[in-house]
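Novice: Have a look at this prediction, sequence included:
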Amino acid sequence: MKTTTQPIEIYDTTLRDGAQMEGISLSVADKLNIAQALDDLGVSFIEGGWPGAIPKDTEFFALALSKLQLRHATLAVFGATRKVGTKASEDPQVLALLESGAPVITLVAKSDLRHVTDALKTTGQENLAMVRDTVQFLVKEGRRVFLDAEHYFDGLTHDADYGLKVLKAAGEAGAETVVLCDTNGGNLPSSIGAKVTEARDYLDKNGLTQVKIGIHTHNDTGCAVANAMAAIEAGAAQVQGCVNGYGERTGNADILTLAGNIEIKLGRPALLNEKGLAELTRTSHRVAEITNLQPSKRLPYVGDSSFAHKAGLHASAIRVNPDLYQHIDPTTVGNDMRMLVSEMAGRASVQLKAKELGIDLSGTPYLTGRVVEAVKEKESHGYVFDAADASFELLVRAQGGDLPTYFEVETWRTLVQAGRASLSENGEAEAEATVKLRTRDGRKIVTGEGNGPVNALDHALRQALSQTYPDITNFELVDYKVRILDTTSGTDATVRVLITTTNGDIQWTTVGVGEDVIEASWEALVESLTWGLMHLGVRPKV
Ligand SMILES: CC(=O)SCCNC(=O)CCNC(=O)[C@H](O)C(C)(C)COP(=O)(O)OP(=O)(O)OC[C@H]1O[C@@H](n2cnc3c(N)ncnc32)[C@H](O)[C@@H]1OP(=O)(O)O
Ligand SMILES: CC(=O)C(=O)O
């Protein structure tokens, strides 16, 4: 393999192939916002969609070309070669691509003879003519033309030459780049690499050295990124993909992973924004926010878990040198290292996590050991601290003897009203909860109501405390997760509850475990209020 420092063009197709993913529907405004995020990142090309075929895409190009001030990227439209038996200059679909005004036109063409005969129902010769005519026409009109050779790799297994002839026809007609597509995503890196080398040699032998090769891969074998990397190492100069690996079926190659791999691992320039690498994580979140899809924590480079460390042995080495258990410095890609504390923790994990939370345990080996033991003990009963940082902090403070007590609970109970008549509008049982507690302001007995017993308990607890601690009125429960831990024990099963609370500025999560959901919820609720008040620096009034 030759080493090279040749730049790679990143061609993003989130707005076209990404939008072909189940569950994604982008408005024109969404598309404009994503295009801006991609330009800020520094991709070379943004494929915006198929004008003429999809009305929203026609509108997108009209607005993008007149309104967006792109600093790095060039806009590309996507469309097909002319129809069988027509003239490119008279095909309304081809004319719509021109009318869009985009400087780059990417044409999808059949390059697998089976698709030509079975899907297009024409001959190999006519398909080559469709490629030639359409590319020639658009180049003559002053556009840069890329050709997406659909099913390129699969096609070669049925006819070893036909795909190559399609590339030649496009190159001779003036295409700048021919993009080899693993449309069904069924190929593996070794065969992709070999076929890219073959295509490069073939184009060179035919005097088409100026024609670049691109690669477009799908993730049906879990190899989209690996396949694209194999193609790059075999000579591809352009790589196509989508943010967060969105795309048809199992997705396209993730351009954020590719950008990281190309720039960091191969040392080749790819992003046109020289600070683009540090934007990778932000771009992933920015685009996920617009698509309204929670990004996977396990995305390479940019995921929340990409640099999260759970095992005690890892943490003990990381404490000495973070490079020992990380392939790169997470800040290079705008991400952060995190420590997770769980039953797998050792003293190093606990000290690093505590430090993250602003507690210095470095000179306190005895206390650190007690925290490790307490975490392991509680996790054996069903608690999870890697999902509940706030409860972990309370545990550390409790072990260290500096856990503030904001109120003393005497008793609490809940009452669920039975019968259909007591169902609320959203179908939940109406409930009542009574809390008896004591603060410096005296003894409070408060009854609250709610949709369900936990909601009623939450209301009663806050009402009882709101006069003494007015900050509590800003606390809001935003997520509530229940998990039954031992499903074989029927009604005796252990239940774990995770509660996420916000005060409008930050969010925190607490955990409770009990024999029933109400007991577990009570524990998580009390911890939630305690941590919230402690975080605000409120002095206990008991
Ligand atoms: C691999 C990929 O992901 S390619 C991207 C695919 N993206 C999309 O399909 C999304 C947008 N598509 C659409 O809006 C519609 O399918 C349209 C407007 C393009 C076409 O719609 P219709 O005219 O109703 O045709 P329909 O979708 O049923 O069939 C596609 C037609 O294009 C033809 N066609 C398919 N590929 C090509 C090609 N590379 N070059 C020329 N014609 C082609 C088919 O033979 C078929 O022709 P026919 O109508 O004469 O039978
Ligand atoms: C062009 C394209 O999206 C594909 O072949 O997968």
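Specialist: Done, it's in. Owing to the predicted nature of the structure, the values given are computational and were not obtained by experimental measurement. Numbers count the residues shown, from 1 in each chain. Ligands and ions are numbered 1, 2, ... in the order given.
Novice: okay but Val435 is in contact with Asp458, surely?
Specialist: No. With contact taken as CB atoms under 8 Å, Val435 and Asp458 are classed as non-touching, separated by 10.1 Å. No exception for glycine: its C-beta is placed from N, CA and C like everyone else's.
Novice: shared neighbours of these two, anything?
Specialist: Common neighbours of Val435 and Asp458 are listed as Gly448 (criterion: CB atoms under 8 Å, 6 or more residues apart in numbering).
Novice: how close does whatever residue of the stretch 301-450 of the chain ends up closest to ligand 1 sit to Leu280?
Specialist: Here the residue of the stretch 301-450 of the chain nearest ligand 1 is Val302; by CB to the nearest ligand atom that distance is 25.1 Å. With distances defined as CB to CB, to the nearest Å, the gap from Val302 to Leu280 amounts to 5 Å.
Novice: joint contacts of those two?
Specialist: Both Val302 and Leu280 are contacted by 256, 333-335, under the criterion CB under 8 Å, 6+ apart.
Novice: need those in TSV with neighbour count, distance to Leu525 and secondary structure, can you?
Specialist: TSV is the format used below for the shared contacts of Val302 and Leu280 (neighbours: other CB atoms under 10 Å; distance: CB to CB, whole Å; DSSP: H, G, I helix; E, B strand; the rest coil):
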residue	neighbour count	distance to Leu525	secondary structure
Leu256	31	38	helix
Val333	26	38	helix
Gly334	19	35	coil
Asn335	23	32	coil
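Novice: For those, give me TSV that also has distance to ligand 1.
Specialist: Shown next, in TSV, are the shared contacts of Val302 and Leu280 (distance: CB to the nearest ligand atom, whole Å):
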residue	distance to ligand 1
Leu256	21
Val333	29
Gly334	31
Asn335	31
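Novice: between those residues, which is nearest ligand 2?
Specialist: For the shared contacts of Val302 and Leu280, with ligand 2 as the reference and CB to the nearest ligand atom as the criterion, the closest is Leu256, at 18.7 Å.
Novice: Please name every helix or strand in contact with the helix or strand containing Met229.
Specialist: The secondary structure element spanning Met229 is helix 224-233 (assigned by DSSP states H and E). If you count contacts as 3 or more CB pairs under 8 Å, 6 or more residues apart in numbering; DSSP states H and E, helix 224-233 packs onto strand 177-182, helix 189-205, strand 212-217, strand 238-241, helix 255-260.
Novice: Could you list the residues of this protein in contact with ligand 2?
Specialist: Within the chain, the residues that sit near ligand 2 (CB under 6 Å from any ligand atom) are 17, 108, 148, 150, 181, 183, 216, 218.
Novice: Next up, phi/psi of the first one, please.
Specialist: Phi and psi for Asp17, reported as degrees, to the nearest 10, are phi -70, psi -30.
Novice: got a list of what it touches?
Specialist: Taking CB under 8 Å, 6+ apart as the definition of contact, the neighbours of Asp17 are 47, 216, 240, 242, 246-248, 252.
Novice: Ligand 2: which of those is nearest?
Specialist: Comparing every one of these with ligand 2 (CB to the nearest ligand atom), the shortest separation belongs to His216, at 5.4 Å.
Novice: The closest one and Asn455, how far apart?
Specialist: When distance is defined by CB to CB, His216 is 50 Å away from Asn455.
Novice: the more surrounded of these two?
Specialist: Shown here are His216 and Asn455; by other CB atoms under 10 Å, His216 has more neighbours (30 against 21).
Novice: If you tally nearby residues, what's the number for the closest residue to ligand 1 within the stretch 251-400 of the chain?
Specialist: Distances from the stretch 251-400 of the chain to ligand 1, computed as CB to the nearest ligand atom, single out Asn252 as the nearest residue at 9.8 Å. If you count neighbours by other CB under 10 Å, Asn252 ends up with 32.
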